[in-house]
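Undergrad: Predicted model and sequence below, questions to follow.
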Amino acid sequence: MAATTVATSAPASIGLRRLLSNSDVILAIAVVAIVAMMIIPLPAWLLDILIALNMGLAVTVMLVSLYLREPLDFSVFPSLLLILTLYRLSLNISATRLILLYAHAGSVITAFGQFVVGGNYVVGIVIFLILMIIQFIVITSGAGRVAEVAARFTLDAMPGKQMSIDADLNAGLIDEQEAKTRRRKIQKEADFYGAMDGASKFVRGDAVAAVAIVAVNIIGGFAIGALQLGMSLTQALQTYTLLTVGEGLVSQIPALLISTATGIIVTRTAAEENMGSDVLRQLTANPRALAIVAGLMVGFGLVPGLPKLPFMIMAAAIGGVAWVLQREKKVARERQAEVEAAPAAPALIEPEAVAQLLTVDTLEVEIGYGLIPLVEAGAGTGLLNRISMIRRQVAMELGFILPKIRIRDNLQLPPNVYAIKLRGEEIGQGSLVPGQYLAMATGPVAEELPGLATSEPAFGLPARWIEGTERERAEMIGYTVVDPASVVSTHLTEVIKGHAAEILTRQDTRDLLDHLKKDYPALVEDLVPNPLSLSDVHEVLRNLLRERVSIRDLVTILETASGLAQGGARDADLLSEGARRALARAISNQYRSGDGSVHVVTLSPGVERLISDAMGDASRGLVANLDPRLAQRLLETTAQNMEEMAARGYPPVVLCSAAIRLAFKRLTERVLSSLAVLSYAEIAPGINVIAEGMIDLPSGAG
């Protein structure tokens with residue numbers, strides 16, 4: 001008997017696998033069949049089966065949406081919604097054909113017309129209209145708005161998410177493969193919410209179509225029954241209205257389930273548990289609110305005329321839950337107080353002499369006494385080890401040796417605050433919560449984690465400090481979670497990159513030249529001090545670092561500068577532009593996307609001509625002196641193109657002619673600091689360039 005069971009189940013399993021392997025063919029046949037249903041009359045028994053299938057699919061979609069942990073787990077939903085809407089409309093057409101031809105549309109529709117509404121067509125119409133009001137005004141309208149806002153927030157958050165990934169990659173917290181995976185997920189999120197924004201319009205259109213179809217069916221059925229079949233007016237109205245209302249209910253109940261599923265998906269982000277568990281946990285998160293509700297229930301029970309027993313039972317139940325939860329919170333607060341009452345951490349192991357405080361260091365990080373344990377942490381996790389990694393990273397990426405970064409305690413700072421200073425002046429500040437983790441919400445979330453609300457210091461992303469026990473759950477629901485030392489190191493890395501041109505001193509330039517002179521003595525001797533001085537070389541390197549161009553290939557930079565200087569060029573801007581052209585391959589590779597291409601937006605010929613005319617005499621600097629209102633419109637247009645580039649997952653890059661590149665960069669750098677401006681000469685041969693748009697001004701704007 002067992003052998004027979006195995007022999008029977010094995011072919012069935014093989015057949016199922018073969019069926020699933022041809023799912024694309026099955027889907028194509030299903031779509032063609034849906035279209036055919038609108039044209040070919042269906043028998044009543046087949047219509048009953050297809051209506052039952054429609055209800056089953058709607059319930060399945062609804063339950064799947066309830067058990068989702070992450071919206072992307074159901075990324076096919078927008079396309080599935082379109083197919084289900086088309087299927088439902090085809091059922092409407094088939095049912096309408098049977099109702100008008102035979103005054104009968106199968107057992108399911110008849111049952112809904114007779115049993116569900118009690119055979120009263122007035123009651124049926126009222127119920128149908130109430131369903132439509134619920135779906136169209138409440139669920140569909142709300143889901144459409146949420147989908148629109150979610151799509152906008154997702155696109156707006158993409159640059160911050162990309163920067164967060166780049167920061168983690170630069171800090172060595174993730175590898176290149178993990179960075180690619182996270183970037184791919186960000187792109188999928190943008191595509192999903194954009195598709196959901198459009199898919200919500202299907203649901204709205206379906207609700208409008210349902211009302212129109214029911215109205216047409218009632219009018220058409222009444223005309224056919226009274227004029228063609230010789231029915232009395234009352235009989236015709238009773239027969240066709242009940243069938244039409246039954247057909248409308250059969251169609252709109254699944255539609256209501258699908259609409260609800262749409263709302264659940266667009267209002268829910270990643271979660272650790274299913275929706276039922278999350279709802280129960282979050283409703284009971286605040287004992288004080290539950291205690292107030294219990295008091296209100298008691299008040300209702302004391303009102304004369306109202307039944308006392310139901311309200312008192314609910315008051316006792318809710319009050320008991322509030323008491324238990326309040327007791328648990330009190331125990332947690334007592335434990336937290338014990339931790340905070342612990343002795344403060346000792347001073348730094350090697351206190352500095354007071355006289356050394358008079359020295360102005362190039363870079364220093366001052367910390368409050370509460371952050372001293374971060375410095376004293378073990379190997380690989382302490383702040384000192386992270387700073388050593390930052391110095392190596394800057395040397396590899398930017399091409400110069402970062403001066404030593406001094407860490408000192410400052411009793412004038414709040415205990416958990418740190419400050420980053422450049423030559424004694426503060427250029428960055430942040431606060432930490434030792435022992436906790438920073439969870440960053442890089443996009444819209446339906447669930448907020450418990451913890452202290454704050455902002456991520458490097459990129460300004462909204463974040464929360466959470467306990468270590470919440471870390472795994474936060475990562476599962478889509479938050480980016482980092483430890484305090486990583487927060488400081490990421491912030492410090494971004495500050496250094498943004499101020500690299502100010503950090504590089506003439507002495508640093510001299511050290512670079514002395515190091516290069518060991519292998520290339522002729523190059524250095526022919527360039528410095530004649531025809532260029534050390535100050536000229538220093539300014540050229542600062543111009544490159546200002547736009548985050550690495551000066552690691554110092555040989556190419558100096559050879560280019562030497563050739564231009566021999567021709568009489570002494571202006572640092574002109575020398576820097578020449579060096580950029582020589583570094584075309586490095587600059588191009590810096591902005592290549594995952595497909596190997598450089599995605600850019602270009603300037604229209606009119607805008608290029610406008611900037612070129614506004615530059616005037618080059619001796620006064622490569623600056624475009626535009627009318628302020630015209631410059632503002634140009635910046636707004638550029639910002640719009642940047643947002644569209646970020647929405648597609650590409651770094652914002654503008655490509656223009658070499659003559660106006662620096663002028664356009666200086667025009668945009670204060671407002672659009674993250675915008676990269678490249679010239680055509682800075683695109684290396686063999687690099688594929690894809691134009692994603694063009695920056696232009698309206699006709700007559702100039």
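TA: Here it is on my side, so go on. In this text the structure is predicted, and so the values were computed from the model without any measurement.

Undergrad: show me where pLDDT drops low in the stretch 451-600 of the chain?
TA: Within the stretch 451-600 of the chain, no stretch has pLDDT under 70.

Undergrad: show me where it has helices.
TA: Remark: helices assigned in the stretch 451-600 of the chain by DSSP state H, counting those that start in this stretch are 471-476, 484-498, 500-503, 506-517, 521-527, 534-546, 554-566, 572-582, 584-590.

Undergrad: What is the top helix by length along the chain packed up against?
TA: What stands out as the longest helix in the chain, according to DSSP state H, is helix 176-223. Applying 3 or more Cβ pairs under 8 Å, 6 or more residues apart in numbering; DSSP states H and E, one finds that helix 176-223 contacts helix 77-102, helix 121-133, helix 141-170, helix 233-267. The C-beta positions use only the backbone N, C-alpha and C, and glycine is treated the same way.

Undergrad: a markdown table for the helices of the stretch 451-600 of the chain, including distance to Ser431 and mean neighbour count?
TA: Output for those, formatted as a markdown table (distance: least, Cβ to Cβ, whole Å; neighbours: other Cβ atoms under 10 Å):
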| stretch | distance to Ser431 | mean neighbour count |
| --- | --- | --- |
| helix 471-476 | 19 | 16 |
| helix 484-498 | 10 | 22 |
| helix 500-503 | 24 | 19 |
| helix 506-517 | 32 | 15 |
| helix 521-527 | 46 | 15 |
| helix 534-546 | 29 | 20 |
| helix 554-566 | 39 | 19 |
| helix 572-582 | 38 | 21 |
| helix 584-590 | 33 | 17 |
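
Undergrad: Now distance to Phe311 too, for the ones you listed, in CSV please.
TA: Formatted as CSV, the helices of the stretch 451-600 of the chain follow (distance: least, Cβ to Cβ, whole Å):
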stretch, distance to Phe311
helix 471-476, 37
helix 484-498, 49
helix 500-503, 68
helix 506-517, 77
helix 521-527, 90
helix 534-546, 70
helix 554-566, 81
helix 572-582, 77
helix 584-590, 68
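
Undergrad: Which of the ones you listed sits closest to Ala419?
TA: Of all the helices of the stretch 451-600 of the chain, it is helix 484-498 that lies closest to Ala419, at 10.7 Å by Cβ to Cβ.

Undergrad: how deep is the spatially closest residue to Ala103 that is not a sequence neighbour tucked in, by neighbour count?
TA: Among residues not flanking Ala103 along the chain, Thr239 sits closest, at 5.6 Å (Cβ to Cβ, 6 or more residues apart in numbering). A count of nearby residues for Thr239, using other Cβ atoms under 10 Å, gives 20.

Undergrad: if I read this right, Thr239 contacts Ala105, doesn't it?
TA: No - with contacts counted by Cβ atoms under 8 Å, Thr239 stays clear of Ala105, the gap being 11.4 Å.

Undergrad: Now do the buried residues in stretch 603-620.
TA: By neighbour count with 16 or more other Cβ atoms under 10 Å, stretch 603-620 contains the buried residues Leu603, Val607, Glu608, Leu610, Ile611, Ala614, Met615.

Undergrad: doesn't the fifth one fall inside a helix?
TA: Yes - counting by DSSP: H, G, I helix; E, B strand; the rest coil, one finds Ile611 located in a helix.

Undergrad: hmm, back to that, compare the helices and strands packed on helix 176-223 and say which comes out lowest on pLDDT.
TA: Per-stretch mean pLDDT for the helices and strands packed on helix 176-223 is lowest at helix 141-170 (a mean of 68).

Undergrad: of all the helices of the stretch 451-600 of the chain, which lies closest to Pro457?
TA: Taking Cβ to Cβ as the criterion, Pro457 comes closest to helix 484-498 out of the helices of the stretch 451-600 of the chain, the separation being 4.6 Å.

Undergrad: Can I get stretch 568-584 in PDB? Just the C-alpha atoms.
TA: These are the backbone C-alpha positions of stretch 568-584, laid out as PDB (Å, rounded to 0.1, in the frame of the first residue of the first chain):
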ATOM      1  CA  GLY A 568      52.600  80.400 -20.200                       C
ATOM      2  CA  ALA A 569      49.600  79.300 -18.100                       C
ATOM      3  CA  ARG A 570      50.000  80.300 -14.500                       C
ATOM      4  CA  ASP A 571      46.400  80.600 -13.300                       C
ATOM      5  CA  ALA A 572      45.600  77.800 -10.800                       C
ATOM      6  CA  ASP A 573      42.100  77.300 -12.200                       C
ATOM      7  CA  LEU A 574      43.400  76.700 -15.800                       C
ATOM      8  CA  LEU A 575      46.000  74.400 -14.500                       C
ATOM      9  CA  SER A 576      43.500  72.500 -12.400                       C
ATOM     10  CA  GLU A 577      41.200  72.100 -15.400                       C
ATOM     11  CA  GLY A 578      44.100  70.800 -17.500                       C
ATOM     12  CA  ALA A 579      44.900  68.300 -14.700                       C
ATOM     13  CA  ARG A 580      41.300  67.100 -14.700                       C
ATOM     14  CA  ARG A 581      41.400  66.400 -18.400                       C
ATOM     15  CA  ALA A 582      44.500  64.400 -17.900                       C
ATOM     16  CA  LEU A 583      42.800  62.400 -15.100                       C
ATOM     17  CA  ALA A 584      39.800  61.700 -17.400                       C
END
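
Undergrad: which residues are contacting that stretch?
TA: Stretch 568-584 is touched from outside by 531-532, 536, 539-540, 543-544, 549-550, 553, 556-557, 559-561, 563-565, 587, 621-622, 658, 661-662, 679, 681-684, with contacts defined as Cβ atoms under 8 Å, 6 or more residues apart in numbering.

Undergrad: How about stretch 393-402?
TA: 170-172, 363, 390-391, 493, 496-497, 500, 503-504, 508, 511-512, 541, 545, 548, 550-554.

Undergrad: how about a cut-off of 7 Å?
TA: Identification of contacts with stretch 393-402 by Cβ atoms under 7 Å, 6 or more residues apart in numbering yields 170, 391, 493, 496, 500, 504, 508, 512, 545, 550-552, 554.
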